[in-house]
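*Asks:* Structural data only, the sequence is not supplied:
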């Protein structure tokens, strides 16, 4: 009798331990699961804010009790590593990394915790993956904010056909910006347009770089560059004073200093990333084999106030930005 009682108690103990250990595993979606998600956002500007909000809305709709730890690196690359290392030490179930420096830091911090990026232009360039085919093969996937770069480049010539020289403004510390510069430069040079690169390192030297470009160029192009986005007001003060038009890679830069853009909806991009996170947390998908997803329908938009300053004729297929 004593032996039978001991056996039954042992079996009960094993079952209890198994139930406790499985409570926070991705793929276990019992009602008492509480997923812990770390979000690192590289910088505080409206495009990244929208992507974070879209992600959060989708995840919390599916997992209302999820614990979300949102940390902002305030545009400082050096701040990203301590944030993601904190997530790793906390044993989060998933990391959402918003913008390329955040994804790079997260990938360097862990090879085990699933990482989903968003607001990343090119994962191959950002993660230094040779012959990138849309799947990273590591613990990273996510969504890209890449709009057709060749079409963005040609918008300059469509709106300002007399352009002979274009300056490209970008942060030299952002790998995705370098990729965009390469594609836009090749597109414009194929049309016989001279291109001057204007690389800046941070907010301290951006005004001087913009001034130099304005002195040499008929128009400027600014890619989806996070540092440029946080300095858009500084850029506007220079380009509008010098009356040099800007075509921007994303709407929020264009809203402050640009004439037009071919842009995506960052809130919806964040929602797509959130749907990917749900699949990973439910165990329905392996992040290493999830293809990078893209926003399917970029929209041509123009800034009415700035375009009026340049007296430019806007084609009918452009949509006016609203406040």
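*Replies:* Arrived safely, thanks for sending. These figures come from a predicted structure and were not determined experimentally.

*Asks:* how about the strands in the stretch 151-300 of the chain?
*Replies:* 165-171, 194-200, 219-222, 246-248, 260-263, 293-294, 299-302 (DSSP state E, counting those that start in this stretch).

*Asks:* deepest of the ones you listed, which one?
*Replies:* Most buried of those by mean neighbour count (mean count of other CB atoms under 10 Å) is strand 246-248; its value is a mean of 29. For every residue, glycine as well, the C-beta is placed using N, CA and C.

*Asks:* mind checking how far that one is from the chain centre?
*Replies:* In terms of CA atoms, centre = their mean, to the nearest Å, the centre of strand 246-248 is found 19 Å from the chain centre.

*Asks:* Repeat that for stretch 232-245.
*Replies:* 25 Å.

*Asks:* Over to stretch 102-122?
*Replies:* Using CA atoms, centre = their mean, the offset of stretch 102-122 from its chain centre is 11 Å.

*Asks:* Span of it from start to end?
*Replies:* One end of stretch 102-122 to the other measures 13 Å (CA to CA, to the nearest Å).

*Asks:* Could you do stretch 259-267 as well?
*Replies:* End residues of stretch 259-267 are separated by 22 Å (CA to CA).

*Asks:* before we move on, back to that, export the strands of the stretch 151-300 of the chain to JSON lines and append columns for distance to residue 114.
*Replies:* Below are the strands of the stretch 151-300 of the chain laid out as JSON lines (distance: least, CB to CB, whole Å):
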{"stretch": "strand 165-171", "distance to residue 114": "28"}
{"stretch": "strand 194-200", "distance to residue 114": "34"}
{"stretch": "strand 219-222", "distance to residue 114": "32"}
{"stretch": "strand 246-248", "distance to residue 114": "32"}
{"stretch": "strand 260-263", "distance to residue 114": "28"}
{"stretch": "strand 293-294", "distance to residue 114": "15"}
{"stretch": "strand 299-302", "distance to residue 114": "31"}
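
*Asks:* Figure out which of those strands is closest to residue 88.
*Replies:* Proximity to residue 88 (CB to CB) singles out strand 293-294 among those, at 25.0 Å.

*Asks:* All the helices of the stretch 51-200 of the chain, residue numbers only.
*Replies:* Counting by DSSP state H, counting those that start in this stretch, the stretch 51-200 of the chain has helices at residues 77-90, 100-109, 123-126, 149-159, 175-190.
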